[in-house]
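Novice: Build me a model:
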Amino acid sequence: MISPQNLALFDLDHTLLPLDSDYQWADFLARTGRIGDPIEAQRRNDELMDRYNAGNLSAEESAAFMLGLIANQSRETLIEWQQAFMEEVITPALLPQAHALVQQHMEQGDLCAIVTATNEFVTAPIAKALGFEHLIATIPEAHDGVFTGRIAGVASYQAGKIVRVDQWLHELGLKRDQFNQVWFYSDSPNDLPLMEVVSHPVATNPSATLRQTAQERNWKIIDLFDDLLDAKS
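Specialist: Model (predicted):
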């Protein structure tokens, strides 16, 4: 097997999707009455999203709520929830612009992976729908096939994304520094640790904070979903 010469890494939420799958998952469960008090769940979800955008949300705090949503539920129930969520929320948000960007790298023979803080249960079917073989996501801890509500290992969040990428590459018998070029596409300043160690950081649909940072550092900026913004204006 010939080792790929280049590596392309992609954040997921607001990068390849025009939404946040973590937030939307919690919102979906709340508004469809699948979890406790819908009003309280949506209030907590909004609070965590505001803190994430401000860059002051820890992985542990996020997990306590987000992974708590799937804790102690049967696999049959979770699969039903997951399929309904994909059909109602995610599939309509899988847009051709994102597919084209990913396909460009795959056709070049680059090793491609999604690197997301959102948990693996929510994101595995999304990664598959986008054509990815490799997904690096926060892993929900499970005992006897039942999620506990805690994180297993290192969360794929902020500097933890570097750790998880390097662990994944090690499992493949590869190292980050052996690639000629490494891209990382992201919308969020929470991903600055990984963006700062790749050869090609690309601010993708960036937040105002990341856009300013990218402009100051002469990083490439792309807006995949400009047409959506135009439609809302």
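
Novice: can you map out the helices along this protein?
Specialist: Taking DSSP state H to define them, one finds helices in the chain at 21-31, 38-54, 59-66, 75-85, 96-107, 120-129, 160-171, 192-195, 208-217, 226-232.

Novice: Distance to P201 and mean neighbour count added to these, as TSV?
Specialist: Quick note: C-beta positions are derived from backbone N, CA and C, even for glycine. Formatted as TSV, the helices of the chain follow (distance: least, C-beta to C-beta, whole Å; neighbours: other C-beta atoms under 10 Å):
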stretch	distance to P201	mean neighbour count
helix 21-31	22	21
helix 38-54	19	15
helix 59-66	22	18
helix 75-85	31	14
helix 96-107	15	15
helix 120-129	21	19
helix 160-171	13	17
helix 192-195	4	20
helix 208-217	8	14
helix 226-232	20	10
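
Novice: Quickly, which of these bottoms out on average pLDDT?
Specialist: Note on the helices of the chain: helix 226-232 shows the lowest mean pLDDT, a mean of 50.

Novice: G149 is nearest to which of the helices of the chain?
Specialist: Among those, the nearest to G149 by C-beta to C-beta is helix 59-66 (7.2 Å).

Novice: gap between that closest one and the chain center?
Specialist: Distance of helix 59-66 from the chain centroid (C-alpha atoms, centre = their mean, to the nearest Å) equals 15 Å.

Novice: Give the other helices and strands that that helix contacts.
Specialist: Helix 59-66 sits against helix 21-31, helix 38-54, strand 111-119, strand 146-152, with contacts defined as 3 or more C-beta pairs under 8 Å, 6 or more residues apart in numbering; DSSP states H and E.

Novice: and if we set it to 10 Å?
Specialist: Using 3 or more C-beta pairs under 10 Å, 6 or more residues apart in numbering; DSSP states H and E as the contact test, the elements touching helix 59-66 are helix 21-31, helix 38-54, strand 111-119, strand 135-143, strand 146-152.

Novice: which residues are contacting that helix?
Specialist: Residues outside helix 59-66 that contact it (C-beta atoms under 10 Å, 6 or more residues apart in numbering) are 22-23, 25-26, 41, 44-45, 47-49, 51-52, 58, 71, 117-119, 122, 138, 140-141, 149-151, 154-158, 160.

Novice: Pipe the helices and strands packed on helix 59-66 into JSON lines and attach distance to N205 per row.
Specialist: Below are those laid out as JSON lines (distance: least, C-beta to C-beta, whole Å):
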{"stretch": "helix 21-31", "distance to N205": "14"}
{"stretch": "helix 38-54", "distance to N205": "13"}
{"stretch": "strand 111-119", "distance to N205": "14"}
{"stretch": "strand 135-143", "distance to N205": "19"}
{"stretch": "strand 146-152", "distance to N205": "27"}
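
Novice: Among the ones you listed, single out whichever gets nearest to L12.
Specialist: strand 111-119 (4.0 Å).

Novice: Could I get the CA-only coordinates of the closest one as CSV?
Specialist: Taking Å, rounded to 0.1, in the frame of the first residue of the first chain, the C-alpha atoms of strand 111-119 are listed here in CSV:
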residue,chain,number,x,y,z
LEU,A,111,-6.1,11.0,3.2
CYS,A,112,-9.3,12.6,4.5
ALA,A,113,-10.9,12.7,7.9
ILE,A,114,-13.6,14.6,9.8
VAL,A,115,-12.3,15.9,13.1
THR,A,116,-15.2,17.1,15.3
ALA,A,117,-16.0,17.7,18.9
THR,A,118,-19.5,16.4,18.5
ASN,A,119,-19.8,12.8,19.7
